[in-house]
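1. whatever this is, show me its structure:
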Amino acid sequence: MDQQSQARETGGRRPSRASRKLAEKRVRRAERTARKKRGRDWTPIMYVSMMVALVLGALVLVAYSGSHVPKSINPAVGAQQNVGERVRTEPANHIPSGTQAHYLTDPPTSGQHYNVRGEAPLPWGFYAQAYPPEDWVHNLEHGGVVILYNCPQPQPTGGAQLIETDLSCPDSQSPVQDFISSAPPDALFHEVKIVATPYPVPGHRFAIVAWGWRLLMDSWDSGLAERFYEAHVDNGPERIP
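-> Okay, here's the model as predicted:
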């Protein structure tokens with residue numbers, strides 16, 4: 001509307017301040033209505049949402065990383081070692097390979113042993129083949145833990161004695177294998193210092209031994225086995241990988 005038209009409508013008078021404000025409000029209202037028709041601008045909301053998502057993602061990542069730090073076992077001290085039965089220790093003497101040792105307990109937890117590279121001590125891990133105590137007692141001396149499991153040996157045929165034969169007893173072997181595969185390493189050498197081998201444990205199905213300690217079990221208990229391992233790993237006379 002031009003000034004002449006406005007003057008005619010108002011009798012030649014200029015619009016008052018109140019009239020001008022009313023007109024401005026009408027213009028702003030019309031502009032808002034037009035923006036709504038064109039569609040709302042979501043850009044600020046999108047930016048805020050992205051920032052919130054990034055912050056939450058960072059917090060979740062930090063929490064996850066903190067709760068999944070790889071576990072390692074430090075040598076236990078004092079009362080922390082009181083898991084299992086303490087056994088009197090014997091001198092850790094080396095004897096010639098092939099010589100039979102004499103132990104005070106069965107299975108032994110210390111004493112005489114062979115010193116043969118690659119065999120005594122045995123490399124850490126699971127074995128289906130039986131090895132003599134003279135081999136793995138050396139592992140105990142190095143602060144390792146040995147799991148012994150009863151596994152019936154096949155009957156010999158033709159009068160020949162079976163030796164160096166892998167034995168099969170899945171009910172005993174499977175839980176032990178699973179335990180070793182998930183056991184944490186020690187903090188000193190980053191090794192899972194466990195040996196498992198068949199052994200005729202007297203009156204029991206399993207025995208777990210460390211230097212001067214033993215734990216006898218009739219059924220496998222992973223929780224108890226883990227406590228024994230954590231209490232006694234790297235607590236032998238020699239801390240060697």
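2. C-alpha only now, for contacts and for neighbours.
-> Noted.
3. which residues outside stretch 168-187 are in contact with it?
-> 70-75, 125-126, 128, 147, 149-152, 191-194, 196, 220, 222, 226, 233-234 (Cα atoms under 8 Å, 6 or more residues apart in numbering).
4. ok, now stretch 106-116?
-> 87, 89-97, 101-103, 120-121, 133-138, 140-141, 201-202, 207, 209-214.
5. please apply the same query to stretch 202-211.
-> 89, 106-110, 140-141, 143-150, 201, 214-220, 225, 228, 232-233, 235-237.
6. could you pull out the buried residues of it?
-> Buried residues in stretch 202-211, counted by 16 or more other Cα atoms under 10 Å: 205, 206, 207, 208, 209, 210, 211.
7. how about the strands in this structure?
-> Using DSSP state E, the strands of the chain run over 85-86, 125-126, 145-149, 194-198, 206-210, 213-217.
8. the third one vs strand 213-217, what angle?
-> Going by axes from the mean of the first three to the mean of the last three Cα atoms, to 10 degrees, strand 145-149 is angled at 30 degrees with respect to strand 213-217.
9. residues contacting residue 218?
-> 204, 205, 206.
10. can you list the strands of the chain in TSV and add mean pLDDT and distance to residue 25?
-> TSV is the format used below for the strands of the chain (pLDDT from 0 to 100; distance: least, Cα to Cα, whole Å):
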stretch	mean pLDDT	distance to residue 25
strand 85-86	97	90
strand 125-126	97	84
strand 145-149	98	86
strand 194-198	97	84
strand 206-210	98	88
strand 213-217	98	88
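11. may I see the ones you listed arranged in JSON lines, with distance to residue 79 as well?
-> Output for the strands of the chain, formatted as JSON lines (distance: least, Cα to Cα, whole Å):
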{"stretch": "strand 85-86", "distance to residue 79": "12"}
{"stretch": "strand 125-126", "distance to residue 79": "28"}
{"stretch": "strand 145-149", "distance to residue 79": "18"}
{"stretch": "strand 194-198", "distance to residue 79": "22"}
{"stretch": "strand 206-210", "distance to residue 79": "16"}
{"stretch": "strand 213-217", "distance to residue 79": "14"}
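12. and these: which comes nearest residue 55?
-> The closest of those to residue 55 is strand 194-198. By Cα to Cα, the value is 43.2 Å.
13. stretch 73-91: which residues count as buried?
-> Buried residues in stretch 73-91, counted by 16+ other Cα under 10 Å: 73, 74, 75, 76, 81, 83, 84, 87, 89, 90.
14. what pairs with residue 148 across the strands?
-> residue 197, residue 207 (DSSP bridges).
15. correct me if wrong: it contacts residue 214.
-> No - using Cα atoms under 8 Å, residue 148 makes no contact with residue 214, being 10.6 Å away.
16. coming back round to it: of the contacts of stretch 106-116, buried ones?
-> By 16+ other Cα under 10 Å, these give 87, 89-90, 101, 103, 120-121, 133-138, 140-141, 201, 207, 209-214 as buried.
17. who's in contact with residue 122?
-> 135, 136, 138, 139, 195.
18. domains for this structure, by residue range?
-> With domains defined by automatic domain parsing, the chain comprises 3-67, 78-154+163-232.
19. can you say which of those domains is packed in most?
-> domain 78-154+163-232 (a mean of 18; mean count of other Cα atoms under 10 Å).
20. okay, the nearest residue to residue 194 once chain neighbours are set aside and residue 27: tell me how far apart.
-> Spatially, and ignoring its direct neighbours in sequence, residue 194 is nearest to residue 145 (4.9 Å; Cα to Cα, 6 or more residues apart in numbering). Distance of residue 145 to residue 27, given as Cα to Cα, to the nearest Å: 86 Å.
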